[in-house]
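Asks: Fold the stuff below for me.
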Amino acid sequence: MLKIRNNLKRSVLGAVACATMTMAVGSAQAANTPFQQDVAAAIDRAIEFLANQGVYNNPSSEGNQGANGLAMQALLEKRASGDLSAPPQGYVGASPTDQGRLKTAAAFILDRAAETSFFAYVDGQWIFALSGYALTNGPDKSALGAGIAGNADYETIKQAMDRMVDRTLANQRRADNGYPNPANQGYWCYTNAGCEDSSTTQFAAAGLHAAKTFYTSAKSGDGGPFADAARAALIDAALARTKTAYALNGGTGSDNANCGVVSATERGHGYNSPASGYKPSLQQTASGIYIQLFGGSDVNTPAVQNYMEWVRNHYRWQDLDNLGNFWPSESWGYYLWSSFKAMELIRQSGVVPAVGNLGPDSFGKLAGVAGCAVRQQNKVPSSYARVPSFGAGAVGYYAAEPAGQYFDFAHQIISAQRYDGSLPINGNDGKFNVSVPGAPSPTSGWQGGTDAAHQSYLLLVLQRSVGNVIQKCDVDGDGDVDTADLQAIRLKIGTVPAANDPRDANGDGKINIADVRSCSQVCTKASCAP
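Replies: Below is the predicted model of the structure:
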């Protein structure tokens with residue numbers, strides 16, 4: 001079944017992107033606010049639901065065109081302590097149960113990469129999940145068991161990554177394969193370069209951005225097993241083309257008669273380029289922000305500001321309400337992750353918005369107006385009682401949580417989760433498909449059944465995920481990444497790095513907190529122990 005073709009044509013693995021595992025540095029500790037505690041519980045339940053449905057199996061219940069890569073990314077992003085400021089567990093910090101799940105999920109990809117052809121939705125998510133697994137010391141083919149180590153059907157991690165990256169690069173629209181106009185370059189279609197589809201493009205771009213991390217990370221340096229400067233350079237060129245296309249193809253308006261053109265300088269992107277007749281949508285405009293960041297832009301780049309302005313002017317958390325190119329329910333989870341991921345990447349970059357520019361905390365500050373009656377403001381945490389599936393709690397239970405995009409999205413998500421109130425987690429426990437009062441069915445995705453794509457999108461929002469964006473990190477040159485390296489980076493925050501400085505983990509020419517967070521992903525022991 002072409003699950004993702006039907007699911008994700010419109011709903012994208014935004015993840016894609018980046019496959020970004022967002023990680024903050026800190027010692028493991030319990031979630032420290034009532035809301036964080038409920039979010040941590042929701043994450044655990046949702047992962048158990050996916051595991052119970054066989055999504056992490058080999059073969060995966062998702063098949064060759066499902067969302068097992070997204071689900072694998074969500075498992076890598078889990079915090080062992082429940083504290084969302086702690087580093088994600090990756091493979092090295094996972095429990096034995098979760099390590100088993102990650103190994104079988106990785107084995108499925110290593111088996112199927114050579115048996116499938118390019119499909120943007122699948123290759124993008126497989127690349128970023130496999131990258132995160134490898135960079136956090138996930139076992140390679142030789143260590144995955146007797147039935148795999150000597151089986152010619154399975155490739156090594158490097159072989160599978162190279163195969164998927166090469167076919168992704170080959171299928172991008174470029175001048176040398178028939179698209180001389182920069183506005184028509186940079187996109188991917190489903191299985192080739194034949195269209196300017198944004199949903200497939202954001203998956204491919206996210207996968208490639210994660211692959212750059214894979215090829216240039218600490219584990220790849222000094223002749224490491226994954227090092228590949230040539231492929232990393234090709235990825236840079238591909239992402240630059242995509243950034244340019246989105247900057248050139250910003251359009252105006254929306255499909256919602258109650259929220260059209262709000263300001264003269266706002267610009268957005270739809271499921272296809274404006275030349276194809278698509279007006280901007282929330283999910284594709286948000287994806288367009290992080291795609292431009294992947295290509296080298298920052299928060300102050302004019303085209304990024306234009307896209308942020310469109311999302312700010314049309315902001316919603318309840319559903320898409322026809323601001324999603326005709327899919328107010330199915331692409332809701334996809335929008336939440338692409339939007340939050342874009343803003344989290346900006347937060348982690350350390351680049352401060354210029355005076356008068358929008359920043360990552362600008363959304364939800366405007367009330368609905370005649371030109372956009374459906375625009376929503378931030379929720380007020382103190383006005384909500386505890387979500388009943390987590391226990392009793394009167395209005396004000398979440399008062400300690402700050403208002404903003406994260407609370408808007410995360411509160412709506414955990415309100416939609418099923419739980420029968422007793423262990424074990426089974427059946428529909430953990431699934432995000434409860435009807436939320438006041439929301440017209442924003443809780444279903446494209447697949448039906450398990451709907452692993454939709455479930456994973458929502459998990460990744462709860463986990464504050466951005467993807468695998470690591471490059472160097474072994475500052476003291478002792479062959480590992482630990483608290484000593486993280487402290488060495490902290491001490492140089494605010495300084496300008498030398499060429500190839502291992503403290504500039506994301507290669508952006510600055511040393512800031514984003515580099516500390518990035519390097520925490522590739523620590524060689526749990527909790528970055530030395």
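Asks: And the strands in this structure?
Replies: Using DSSP state E, the strands of the chain run over 19-20, 466-467.
Asks: Can you tell me, leaving aside adjacent residues, what's nearest to Ser362?
Replies: Arg312 (5.4 Å; C-beta to C-beta, 6 or more residues apart in numbering). For every residue, glycine as well, the C-beta is placed using N, CA and C.
Asks: Count the neighbours of that neighbour for me.
Replies: A count of nearby residues for Arg312, using other C-beta atoms under 10 Å, gives 19.
Asks: Surely it is in contact with Leu366?
Replies: Yes - in this structure, Arg312 is within contact of Leu366 by C-beta atoms under 8 Å, at 6.9 Å.
Asks: which stretches of the stretch 301-450 of the chain form helices?
Replies: Taking DSSP state H, counting those that start in this stretch as the test, the helices found in the stretch 301-450 of the chain are 302-313, 332-349, 405-414.
Asks: mean pLDDT lowest for which of the ones you listed?
Replies: The weakest mean pLDDT among the helices of the stretch 301-450 of the chain belongs to helix 332-349, with a mean of 90.
Asks: pLDDT below threshold where in the stretch 201-350 of the chain?
Replies: For the stretch 201-350 of the chain, applying pLDDT under 70 flags the ranges 218-223.
Asks: mind running it again at 50?
Replies: For the stretch 201-350 of the chain, the stretches flagged by pLDDT under 50 are 220-222.
Asks: and what of the stretch 401-530 of the chain?
Replies: Along the stretch 401-530 of the chain, segments meeting pLDDT under 50 span 440, 442, 469-471.
Asks: go again using 80 as the cut-off
Replies: In the predicted model, the stretch 401-530 of the chain carries pLDDT under 80 at residues 435-450, 467-474, 476-481, 498-502, 505-509, 514, 517-530.
Asks: before we move on, what about the stretch 1-150 of the chain?
Replies: 1-31, 80-87.
Asks: rerun at 70
Replies: Within the stretch 1-150 of the chain, the stretches with pLDDT under 70 are 1-31, 81-82, 84-85.
Asks: quick one: contacts for the residue nearest to Ser362?
Replies: Taking C-beta atoms under 8 Å, 6 or more residues apart in numbering, we find Arg312 in contact with 358, 362-363, 365-366.
Asks: so Asp228 sits right up against Thr213, yeah?
Replies: No - Asp228 is beyond contact range of Thr213, at 11.7 Å (criterion: C-beta under 8 Å).
Asks: More neighbours: those two, which one.
Replies: Using other C-beta under 10 Å as the criterion, Asp228 and Thr213 rank with Thr213 on top: 33 against 20.
Asks: Ile235 versus the more buried one, what's the distance?
Replies: Using C-beta to C-beta, to the nearest Å, we find Thr213 at a distance of 10 Å from Ile235.
Asks: now swap in Ala394 and tell me
Replies: 51 Å.
Asks: now swap in Tyr457 and tell me
Replies: Tyr457 sits 24 Å away from Ile235 when distances are taken as C-beta to C-beta.
Asks: Settle it for me: which of these two has more neighbours?
Replies: The residue with more neighbours, out of Tyr457 and Ile235, is Tyr457; 31 against 26, by other C-beta under 10 Å.
Asks: what phi and what psi does the backbone show at Leu320?
Replies: Recorded main-chain torsions at Leu320 are phi -90, psi -20, according to degrees, to the nearest 10.
Asks: swap in the one 5 residues further on?
Replies: The phi and psi torsions at Asn325 (degrees, to the nearest 10) take the values phi 50, psi 50.
Asks: Report how many residues lie close to the closest residue to it other than its chain neighbours.
Replies: Closest residue to Asn325 apart from its sequence neighbours, by C-beta to C-beta, 6+ apart: Ser281 at 4.3 Å. Ser281 is flanked by 31 other residues according to other C-beta under 10 Å.
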